[in-house]
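Chemist: Got a predicted model here, sequence first, then my questions.
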Amino acid sequence: MTAAPTGYQTGFAIRPDLVVEAAGAEDVRTAMTRAARDGLRVGVHATGHGLAGPVEGGVLIVTRAMDSVVVDPVRRTARIGAGATWGQVIEAAAPHGLAPLNGSSPGVGAVSYTLGGGLGVLAREFGYAADLVRSFDVVTGDGVPRHVTAEDEPELFWGLRGGGHRLGVVTGMETGLVPVARLYGGSLAFDGDGEAGAQVLRRYLEWTRTVPVTLTSSVGALVYPDIPQVPRELRGRYVISVRVAYTGSAAEGERLVAPLRGTGPAPADSLREMPYTDSHTIHSDPPFPHAYYGDGLMLSGIDPDRAARVLELTGRKAPMMTVVQLNHLGGALAAAPDPGNAVPYREAGYLLRLLSPLDGTDVASVRALYEEVAAVLGPLVVGRSLNFSFGGGDRTQGFHGLRTRERLAGLVTRHDPASLFGGSYGISRDGR
């Protein structure tokens, strides 16, 4: 027993009946056995980035102590404990010229990110993080510790890769690494006000139709607050930034981004050759805990007019600060691995991510704005991203298509007979 943990997400209260600081699979199994006996729900907490909402009652299993990372440079794999962050994995793999399929923030828990699919810095070239997983160690809802591989438990292996957190508590995983030691990457920042912002988006969308799969990118839009913590040159400005990660040469990278530089003056330009250990600087996600709410809409495509309207709704006239990011998908993301997994919406061309700080803003107002954005996109929305539905326990639709939900629900019936994780599949998320 220990105190309720704090984490990266501070917007939701964590008040379980019992907190178990697990040191290994046996602690997890014991906690789940007690939860089943007492009729309590089970949640899991590693870093708190993907907290689904308030944790009220039940048993909360904290995995942060299980943070081991062991790299096998010959097999190009890493064994990762449930509490390890991507930053730890990056540092362990780098001396061998290898990299994981991590996301933009080094403080995110590697295992929980991967269970949701995992859209990363190198996504268009190598696919989702879930695609490279070799095995899981998991205690399923029936209290059974399992070593899950494609050969031994193919159906459960399918569901754990992209199905989310409803099948049990993963205590560790083995995943493949890729031979990447350096990048050409960084960001280009442009003025986002008025027609200038619309022009940047128009140019970006045209540009994404021309780039190779070895280049993964996104475009972000944000009205920076006028506060001392923000660099002076950005305070109060509406900025649109194009973020780039390219595994080819710096010279070829410069050639590829030349059309973007032609869009107009760039107040900030950090594009450069970098070691992969600096990949987190491409997006420079805030490293400090804070309160926020977010959603991720998977899109079949997007046209410049709709993109400009999204900027209007979320920019200076928005009722609250809203960070917008449009990720270019396709490439290896569109190809299902062999064996397949539960990662949905591979046909999507873009992912639109919305995030709003909750300090001084209520969730209902944020949701109303997001619904207005979704209405603008209309039939282009094919589903929602489980990884980027921050605080998403109050929104239950769209994480997987019907056939995938039905298949996952069958796995829940088989492996969580006491419904320790609660709810119908693809809806409830634990505290990771």
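Modeler: Nice, I can see it.

Chemist: Let me see the ranges of the strands in the stretch 101-250 of the chain.
Modeler: For the stretch 101-250 of the chain, strands defined by DSSP state E, counting those that start in this stretch occupy the ranges 133-140, 145-148, 168-176, 182-191, 215-223, 238-246.

Chemist: Show me what the longest one is packed up against.
Modeler: Judged by 3 or more CB pairs under 8 Å, 6 or more residues apart in numbering; DSSP states H and E, strand 182-191 is in contact with helix 194-208, strand 238-246, helix 250-261, strand 268-269, strand 272-275. All C-beta spots, glycine's among them, are computed from the backbone N, C-alpha and C.

Chemist: Could you do the third one as well?
Modeler: Helices and strands in packing contact with strand 168-176 are listed as helix 25-38, strand 77-81, helix 110-115, strand 133-140; criterion 3+ CB pairs under 8 Å, 6+ apart.

Chemist: quick one: strands adjacent to that strand?
Modeler: As defined by DSSP bridges, the strand partners of strand 168-176 come to strand 77-81 (antiparallel), strand 133-140 (antiparallel).

Chemist: can you put these in TSV and add mean neighbour count and mean pLDDT?
Modeler: Output for those, formatted as TSV (neighbours: other CB atoms under 10 Å; pLDDT from 0 to 100):
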stretch	mean neighbour count	mean pLDDT
strand 77-81	24	98
strand 133-140	24	98
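
Chemist: picking up where we left off before, dump the helices and strands packed on strand 168-176 into JSON lines; add distance to L380 as well.
Modeler: JSON lines is the format used below for those (distance: least, CB to CB, whole Å):
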{"stretch": "helix 25-38", "distance to L380": "41"}
{"stretch": "strand 77-81", "distance to L380": "35"}
{"stretch": "helix 110-115", "distance to L380": "26"}
{"stretch": "strand 133-140", "distance to L380": "30"}
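
Chemist: and of those, who's closest to T263?
Modeler: Nearest to T263 among these is helix 110-115 (32.1 Å), distances taken as CB to CB.

Chemist: Just the CA atoms of that closest one, as PDB, please.
Modeler: Output in PDB follows, covering the C-alpha atoms of helix 110-115 (Å, rounded to 0.1, in the frame of the first residue of the first chain):
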ATOM      1  CA  ALA A 110       6.600   3.000 -23.400                       C
ATOM      2  CA  VAL A 111       4.300   0.100 -22.700                       C
ATOM      3  CA  SER A 112       1.000   2.000 -22.300                       C
ATOM      4  CA  TYR A 113       1.800   4.100 -25.400                       C
ATOM      5  CA  THR A 114       2.400   0.900 -27.400                       C
ATOM      6  CA  LEU A 115      -0.900  -0.800 -26.200                       C
END
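
Chemist: Let me see the mean pLDDT of it.
Modeler: Mean pLDDT, helix 110-115: 96.

Chemist: still on that earlier bit, I'd like the strands of the stretch 101-250 of the chain as a markdown table, with distance to R203 appended.
Modeler: Converted to a markdown table, the strands of the stretch 101-250 of the chain look like this (distance: least, CB to CB, whole Å):
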| stretch | distance to R203 |
| --- | --- |
| strand 133-140 | 37 |
| strand 145-148 | 45 |
| strand 168-176 | 35 |
| strand 182-191 | 9 |
| strand 215-223 | 10 |
| strand 238-246 | 9 |
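
Chemist: and of those, who's closest to A22?
Modeler: A22 lies closest to strand 168-176 among the strands of the stretch 101-250 of the chain, at 7.6 Å (CB to CB).

Chemist: Next, the angle from that closest one to helix 25-38.
Modeler: Here the directions of strand 168-176 and helix 25-38 differ by 150 degrees (axes from the mean of the first three to the mean of the last three CA atoms, to 10 degrees).

Chemist: Distance from the chain centre to strand 168-176, please.
Modeler: Centroid separation between strand 168-176 and its chain, computed with CA atoms, centre = their mean, to the nearest Å, is 17 Å.

Chemist: circling back to that earlier point, so which of the helices and strands packed on strand 168-176 gets nearest D359?
Modeler: Nearest to D359 among the helices and strands packed on strand 168-176 is helix 110-115; the distance by CB to CB comes to 24.6 Å.

Chemist: Counting by contacts, list what the closest one packs against.
Modeler: Here helix 110-115 touches strand 77-81, helix 86-93, strand 168-176, going by 3+ CB pairs under 8 Å, 6+ apart.

Chemist: how about 10 Å then?
Modeler: Here helix 110-115 touches strand 42-45, strand 77-81, helix 86-93, strand 133-140, helix 154-160, strand 168-176, going by 3 or more CB pairs under 10 Å, 6 or more residues apart in numbering; DSSP states H and E.

Chemist: Give the buried residues for the longest one.
Modeler: What it means is strand 168-176. Buried residues in strand 168-176, counting neighbours by 16 or more other CB atoms under 10 Å, are found at 168-176.

Chemist: Just the closest of these to N102, please.
Modeler: Checking the buried residues of strand 168-176 against N102 by CB to CB gives T175 as the nearest, at 10.4 Å.

Chemist: what sits against that closest one?
Modeler: Counting by CB atoms under 10 Å, 6 or more residues apart in numbering, T175 touches 76-80, 89, 100-101, 110-111, 114, 118, 129-136.

Chemist: now with 7 Å?
Modeler: 77-78, 80, 100, 114, 132-134 (CB atoms under 7 Å, 6 or more residues apart in numbering).

Chemist: And T210, by the same measure?
Modeler: Contacts of T210 were listed using CB under 7 Å, 6+ apart, and none were found.

Chemist: Among the helices and strands packed on strand 182-191, which comes closest to L160?
Modeler: So among the helices and strands packed on strand 182-191, strand 238-246 is nearest, using CB to CB, at 26.7 Å.

Chemist: Neighbouring strands of that closest one in the sheet, and parallel or not?
Modeler: Paired strands of strand 238-246, with direction, are strand 182-191 (antiparallel), strand 215-223 (antiparallel) (DSSP bridges).

Chemist: Please work out which residues outside the last one touch it.
Modeler: This means strand 215-223. Strand 215-223 is contacted by residues 121-125, 192, 197, 201, 204, 208, 238-246, 256, 311, 314-316, 321, 323-328 when judged by CB under 7 Å, 6+ apart.
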